[in-house]
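Q: Give me a 3D structure for the following:
(2 chains)
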Amino acid sequence: MYRYDDYDQAMVDTRVAEFRDQARRRLEGRLSEDQFKPLRLMNGLYLQLHAYMLRVAIPYGTLDARQMRALADIADNYDRGYGHFTTRQNIQYNWIKLEEAANLLADLAKVEMHAIQTSGNCIRNISSDHFAGAAADEVADPRPYAELLRQWSSFHPEFSALPRKFKIAVIASERDRAAMRLHDIGIRIVRRGDALGAQFWVGGGMGRTPMVAPCIREFVPIDQLVTYSEACLRVYNRHGRRDNKFKARIKILVHELGAAEYTRQVEEEFAHLLTLGIEPPAAELARIAAMFDEPLEPAESAAPDRSDPDFALWMDRNTHPHKLPGYISAVISLKPVGGIPGDATADQMRLMADLAERYGNGELRVTHTQNIVLPHVRQAELHGLWSALEPAGLGAANIDTVEDIIACPGLDYCSLANARSIPVAQRIAERFAANGRTAVLGELKLKISGCINACGHHHAGHIGILGVDRKGTENYQLLLGGSEAEDVSLGKITGPGFDETGIVDAVETATKVYLKERDEGERFLDTYRRIGMEPFKAALYG
Amino acid sequence: MRILTGNDLRTGAVVWWTGTFWSIHVEEAADVVGEEDRVIGREEASRRVNAAYAIDAELHDGAPRPAHIKDRIRALGPTVRPDLTLKPADPAAGSWVI
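A: This is a model prediction of the structure:
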């Protein structure tokens, strides 16, 4: 894992001191809310439905046991004993007091964490594959490149006031586990012969105008990664719209200019930037990469005993192949049936930290699907890990099933939301757990957003749900056919929306159509793509 | 009726204007129709409240009930965590919101 050097630590400590002074001046009345708001947002501090909300950055979703324990302590000391893991691999606290926020940030800084650039029109936390460094199918660990980009984008003076927020994902495998093409910039590390390079996909995103990013460059030499990124940002910063917030994202620019013209301008800027020598020296990338190259101890290659059917089911659903023999990646579900997707109590966080140390190398990952990964688990000890999860409410065997629902905080917490997301997720998970169809449905990715901003990735769900406000009443639109994986697509709305009970019934109806129509081996998404929307509409609306 | 809500500057807690002070209980909110901007301006200037705004409400069992569900959730707390609401022991609290 990456470790701060003195420079990193000084940057973060300085920002804490700066914020402490700003908060003090706000509380003393020397700053108005209009003056203070952009300052607190630069430190991830929002004013939400019930209180201040702090969004803490977890770079590319990677953290260690020490940091997870610190997050647990923060939940206990500054919040109400829990936190919410988000679709950007971050954590949010919902009940923060302004008068305590600087102390909280200071506690974060002690474990090399912060909330900088988790809000505002800047480059946000860079996301990545939650199996990075462990996945058998990656060409390289994408995290050193994500870290290089994190350092480049942190406090970048030219990109601290972009037309709109900016999100980057970095992956390094054909399988897309980070919704790469639904980011402002999606980068896939690829190999061409002996050379590593970066494939650039620019102009994707969800929100009110969802778009899938086109590829604008198949191969950027890896020692030009930052320079090409800078070129992409410069063209956006120059031409992105600042007159209309709803048309300010780079996806609109790429769409309006056309991918070819945007690419032409990027290439022109890139050629210019190459003459300036802005790329960090290779030694810096090597320094970073070395920190991600911690060797794992050899592990016994013994397959776990699968005689316990509950364990066998969990192993089938909640693990992922590891690149090294004797190891496996385990996914801890934060989606117990009837629970709140992505929420974890302080005690659960501490347990996950303990288990990461006991059964792995102390590392954890936050997934964009709001679960937690222990990337390097000794396979022979997998049963011990599983046995410790169940009593803590962390043993749900449901990854990528209809119960593994992404849900934004929705109207229960978010001031932007139009409808509640969490209760709908709870009712759907309970419905399928009760009717016993979760297993037969297989892979079914269901995603719920409480408003058009799409924090719950509803456009990319095999089944998506969008909460809207219809004359002051919560209403839910149903979408079918989305995917954020390598077979990326955007879901389509089925028709008129449903009330809270109706949307649960509608989801069940859609799954019945699938079960009736599916061919051998087809997932819900495959069947939808083959038969189209009409059979679903007929069943839903008669 | 029109009532005022905002957040306590120091703690962020949701508060309601009673006519003389800010309370965490919406039942104590006062009708300020016609006075909204004046009260908000004065109270924000004195830092007794942050991000205040006026909303429509109606009397329900003799006490103000915000017209919009968003403000009713603000008034009570998250519907999915009754233990964190202002009325954790009241089984009827949820129906007041929805």
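Q: for the chain, longest helix please?
A: Assuming you mean chain A. Taking DSSP state H as the criterion, chain A has its longest helix at helix A:6-27.
Q: I was thinking of chain B, sorry if that wasn't clear
A: From DSSP H, the single longest helix across chain B is helix B:36-45.
Q: buried set for stretch A:290-297?
A: Across stretch A:290-297, burial judged by 16 or more other Cβ atoms under 10 Å in any protein chain shown covers A:292, A:296. Quick note: C-beta positions are derived from backbone N, CA and C, even for glycine.
Q: Kindly format the C-alpha coordinates of that stretch as CSV.
A: The C-alpha trace of stretch A:290-297 is given here as CSV (Å, rounded to 0.1, in the frame of the first residue of the first chain):
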residue,chain,number,x,y,z
ALA,A,290,7.4,-0.4,-5.0
MET,A,291,4.9,0.3,-2.1
PHE,A,292,2.3,-1.8,-3.9
ASP,A,293,4.6,-4.6,-4.5
GLU,A,294,4.7,-6.1,-1.0
PRO,A,295,5.2,-9.8,-1.4
LEU,A,296,2.7,-12.2,0.2
GLU,A,297,4.0,-15.1,2.2
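Q: nearest residue to residue A:230 other than its sequence neighbours?
A: Distances taken as Cβ to Cβ, 6 or more residues apart in numbering or on different chains put residue A:273 closest to residue A:230, at 5.8 Å, once the chain neighbours are dropped.
Q: Skip ahead from the strand or helix carrying that neighbour and say which helix or strand is next.
A: In this assignment (DSSP states H and E), residue A:273 forms part of helix A:259-274. Using DSSP H and E, the helix or strand that follows helix A:259-274 in sequence is helix A:282-291.
Q: Residue A:411 is in contact with residue A:448, correct?
A: No - Residue A:448 lies out of contact with residue A:411 (Cβ atoms under 8 Å); the separation is 11.7 Å.
Q: Which strands or helices does the lowest-mean-pLDDT helix or strand in chain B pack on?
A: Using mean pLDDT, DSSP states H and E, helix B:93-97 stands out as the lowest-scoring helix or strand of chain B, at a mean of 89. Applying 3 or more Cβ pairs under 8 Å, 6 or more residues apart in numbering or on different chains; DSSP states H and E, one finds that helix B:93-97 contacts helix B:69-76.
Q: who touches the helix it packs on?
A: With contact meaning Cβ atoms under 8 Å, 6 or more residues apart in numbering or on different chains, helix B:69-76 is reached by A:49-50, A:411-412, A:415, A:417, A:420, A:472-474, B:5, B:14, B:16, B:26, B:55, B:57, B:65-66, B:79, B:85-87, B:93, B:96-98.
Q: Now do that helix: distance to the chain's middle.
A: In terms of Cα atoms, centre = their mean, to the nearest Å, the centre of helix B:69-76 is found 8 Å from the chain centre.
Q: For residue 96, give me its contacts.
A: Since you didn't name a chain, this refers to chain A. Residue A:96 touches A:45, A:51-54, A:78-79, A:104, B:12, counting by Cβ under 8 Å, 6+ apart.
Q: Not quite, go with chain B.
A: Contacts here follow Cβ under 8 Å, 6+ apart; on that basis residue B:96 touches B:60, B:65, B:72, B:76.
Q: How many neighbouring residues does the residue of chain A found nearest chain B have?
A: Relative to chain B, the nearest point of chain A is residue A:51 (3.5 Å; Cβ to the nearest Cβ). For residue A:51, the count of nearby residues is 23 (other Cβ atoms under 10 Å in any protein chain shown).
Q: now swap in residue A:272 and tell me
A: Residue A:272 - counted by other Cβ under 10 Å - has 12 other residues nearby.
Q: Could you do residue A:18 as well?
A: Residue A:18, neighbours per other Cβ under 10 Å, totals 14.
Q: Tell me if the longest helix of chain A is near chain B.
A: Yes - shown here: helix A:6-27 in contact with chain B (Cβ under 8 Å from any Cβ of the partner chain) through A:26-27.
Q: Let me see the backbone angles for residue A:219.
A: The phi and psi values for residue A:219, taken as degrees, to the nearest 10, are phi -150, psi 110.
Q: what's the distance between it and residue A:278?
A: 20 Å (Cβ to Cβ, to the nearest Å).
Q: that older thread, for PyMOL, write the selection for the buried entries among the contacts of residue B:96.
A: Here is the PyMOL selection string for the buried members of the contacts of residue B:96, based on 16+ other Cβ under 10 Å:
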select buried, chain B and resi 65+72+76
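Q: for the contacts of residue B:96, which one is nearest residue A:71?
A: Proximity of the contacts of residue B:96 to residue A:71 (Cβ to Cβ) peaks at residue B:76, which lies at 27.5 Å.
Q: can you give me the strands for chain B?
A: B:2-7, B:14-17, B:22-23, B:50-60, B:63-66 (DSSP state E).
Q: should've said the stretch 251-400 of chain A
A: Along the stretch 251-400 of chain A, counting by DSSP state E, counting those that start in this stretch, strands occupy A:319-321, A:327-332, A:343-345, A:363-366, A:372-378.
Q: picking that back up, save the strands of chain B as TSV, and put in mean pLDDT and distance to chain A too.
A: Output for these, formatted as TSV (pLDDT from 0 to 100; distance: least, Cβ to the nearest Cβ, whole Å):
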stretch	mean pLDDT	distance to chain A
strand B:2-7	98	6
strand B:14-17	98	6
strand B:22-23	98	14
strand B:50-60	97	6
strand B:63-66	97	11
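Q: Nearest to residue B:44, out of the ones you listed?
A: Closest among the strands of chain B, using Cβ to Cβ: strand B:50-60, at 5.9 Å.
Q: tell me the contacts of residue 3?
A: Since you didn't name a chain, this refers to chain A. A:112, A:291.
Q: my question was about chain B
A: B:16-17, B:26, B:29-32, B:54-55, B:57, B:64, B:66.
Q: Please check those and keep the buried ones.
A: Buried among the contacts of residue B:3 (16+ other Cβ under 10 Å): B:16-17, B:26, B:29-30, B:32, B:54-55, B:57, B:64, B:66.
Q: quick one: which of these is nearest residue A:208?
A: Closest approach to residue A:208 among the buried ones among the contacts of residue B:3 (Cβ to Cβ): residue B:55, at 25.1 Å.
Q: What are the neighbouring residues in contact with that closest one?
A: By Cβ under 8 Å, 6+ apart, the contact list for residue B:55 reads B:2-5, B:66-68, B:71.
Q: and if we set it to 6 Å?
A: For residue B:55, the contact set (Cβ atoms under 6 Å, 6 or more residues apart in numbering or on different chains) comprises B:66, B:71.
Q: Which residue ranges of the stretch 51-200 of chain A form helices?
A: For the stretch 51-200 of chain A, applying DSSP state H, counting those that start in this stretch gives helices covering A:65-78, A:98-110, A:143-153.
Q: JSON lines for these, including distance to residue B:36?
A: Output for those, formatted as JSON lines (distance: least, Cβ to Cβ, whole Å):
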{"stretch": "helix A:65-78", "distance to residue B:36": "33"}
{"stretch": "helix A:98-110", "distance to residue B:36": "24"}
{"stretch": "helix A:143-153", "distance to residue B:36": "42"}
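Q: hey, which of the ones you listed is tucked in deepest?
A: helix A:143-153 (a mean of 24; mean count of other Cβ atoms under 10 Å in any protein chain shown).
Q: So what touches it?
A: By Cβ under 6 Å, 6+ apart, helix A:143-153 touches A:2, A:59-60, A:123, A:126, A:128, A:132, A:170, A:226, A:285, A:288-289, A:292.
Q: Please save the CA atoms from it in PDB.
A: Extracted in PDB, the C-alpha atoms of helix A:143-153 (Å, rounded to 0.1, in the frame of the first residue of the first chain):
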ATOM      1  CA  ARG A 143      -3.200   1.300  -8.200                       C
ATOM      2  CA  PRO A 144       0.300   2.700  -8.700                       C
ATOM      3  CA  TYR A 145      -1.100   4.600 -11.700                       C
ATOM      4  CA  ALA A 146      -4.200   5.600  -9.800                       C
ATOM      5  CA  GLU A 147      -1.900   6.900  -7.000                       C
ATOM      6  CA  LEU A 148       0.300   8.800  -9.500                       C
ATOM      7  CA  LEU A 149      -2.800  10.400 -10.800                       C
ATOM      8  CA  ARG A 150      -4.000  11.100  -7.300                       C
ATOM      9  CA  GLN A 151      -0.800  13.000  -6.600                       C
ATOM     10  CA  TRP A 152      -1.000  14.900  -9.900                       C
ATOM     11  CA  SER A 153      -4.600  15.900  -9.300                       C
END
